[in-house]
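*Asks:* need coordinates for the below:
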Amino acid sequence: MGHLDHAALGWLTPVLSYVMACIGAALGLRCTVRALGATGRSRRNWLITAASAIGTGIWTMHFVAMLGFSVSGTDIRYDVPLTIVSLLVAMIVVCAGVFAVGYSKDRARALFLGGLTTGLGVASMHYLGMAAVRLHGDVKYDPALVGLSVLIAVVAATAALWAALNIKSPVAVTVASLIMGAAVSSMHYTGMFSVSVRVSPSGAALPGATAMQFIFPLAVGLGSYLFLTSAFVALSPTSGEREASASAQRPVESVTR
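*Replies:* Predicted coordinates for the structure are as follows:
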């Protein structure tokens, strides 16, 4: 058996991955709040932004954490196409869950179906990402811990969608995002603790790209997207601010006439 280290770089990767999960969750919640106060094309655009933020945050969290993953006795590479597929899965399933909540009139049913779909999608993203790992040896999973990680993903996704429907104030959104970030990180590390590797030493070159060649640049790019989108959302006026501005302009227009 190869010795697995889930934090080969120390606390850097667990802390940074948690921060990315929190940022994605906070941004997704704020965008969903904006969406529920909008109509038509504006609602759709806010929901797409929310889904991309949550999906990007979850995926970035996973692969930033994977930068600290190592196995003694073997190098690690990543299958590039499969890694990209895991990102697309995260985006698509989160989008489905967010849109279900954003447009459904039966909120309870939408919350259940959206949470289940999104949670299973997040778990699929995680294990697709793990399937993209290439090393000299065989990877096995503890079924009980895999099941627990999927359950955590479903609960976390349902809680995230519930928060999007019920939490409005910035302080509450911040607290909810910290809890959601912890839940997503728990899901990831529960899944990782289910992994065991039987190393088969070999001098053959592994296919795929190293984490620094592919995962790190992509994670930096997606992290930059989250920060830039956060700035855009922070500077964008809310529906209440737009209504207040319009109300303030009406008396001026009346006096001019």
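*Asks:* which strands and helices lie in contact with the longest helix seen in the chain?
*Replies:* In the chain, assigned by DSSP state H, the helix with the most residues is helix 40-66. Applying 3 or more CB pairs under 8 Å, 6 or more residues apart in numbering; DSSP states H and E, we find helix 40-66 packed against helix 12-36, helix 80-103, helix 107-131, helix 170-193, helix 216-235. Bear in mind the C-beta positions are built from the backbone N, C-alpha and C, glycine included.
*Asks:* who does the last one touch, helix- and strand-wise?
*Replies:* Of the remaining helices and strands, those touching helix 216-235 by 3+ CB pairs under 8 Å, 6+ apart are helix 12-36, helix 40-66.
*Asks:* okay, these in TSV with distance to F232 next?
*Replies:* Putting those into TSV (distance: least, CB to CB, whole Å) gives the following:
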stretch	distance to F232
helix 12-36	10
helix 40-66	9
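*Asks:* okay, those helices in CSV with distance to L82 and mean pLDDT next?
*Replies:* CSV is the format used below for the helices and strands packed on helix 216-235 (distance: least, CB to CB, whole Å; pLDDT from 0 to 100):
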stretch, distance to L82, mean pLDDT
helix 12-36, 20, 86
helix 40-66, 12, 86
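*Asks:* Throw the ones you listed into TSV and include mean neighbour count and distance to L128, thanks.
*Replies:* Listed next are those as TSV, based on neighbours: other CB atoms under 10 Å; distance: least, CB to CB, whole Å:
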stretch	mean neighbour count	distance to L128
helix 12-36	23	17
helix 40-66	23	10
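*Asks:* out of those helices, which is closest to A100?
*Replies:* helix 40-66 (10.0 Å; CB to CB).
*Asks:* how far away from the center of its chain is stretch 42-51?
*Replies:* Between the centre of stretch 42-51 and the centre of its chain there are 16 Å (CA atoms, centre = their mean, to the nearest Å).
*Asks:* and what of stretch 169-184?
*Replies:* For stretch 169-184, the distance to the chain centre is 13 Å (CA atoms, centre = their mean).
*Asks:* mind listing what's buried along it?
*Replies:* Residues V173, T174, A176, S177, I179, M180, G181, A183, V184 are the ones in stretch 169-184 that count as buried (16 or more other CB atoms under 10 Å).
*Asks:* which of the residues you listed lies closest to L16?
*Replies:* Taking the buried residues of stretch 169-184 together and measuring to L16 by CB to CB, the closest member is G181, at 11.5 Å.
*Asks:* just the terminal-to-terminal distance for stretch 192-209.
*Replies:* 20 Å (CA to CA, to the nearest Å).
*Asks:* picking that back up, of the buried residues of stretch 169-184, closest to I215?
*Replies:* Nearest member of these to I215, counting by CB to CB, is V184, at 17.6 Å.
*Asks:* spatially central residue in this structure, please.
*Replies:* I58 (1.9 Å; CA atoms, centre = their mean).
*Asks:* can you tell me how far that residue sits from G221?
*Replies:* 16 Å (CB to CB, to the nearest Å).
*Asks:* can you check A21 too?
*Replies:* For A21 relative to G221 (CB to CB), the value is 17 Å.
*Asks:* ok, A204 next?
*Replies:* 31 Å.
*Asks:* burial of the closest residue to Y141 other than its chain neighbours, as a residue count?
*Replies:* Nearest non-adjacent residue to Y141, counting by CB to CB, 6 or more residues apart in numbering: S194, 4.8 Å away. By other CB atoms under 10 Å, 19 other residues sit near S194.
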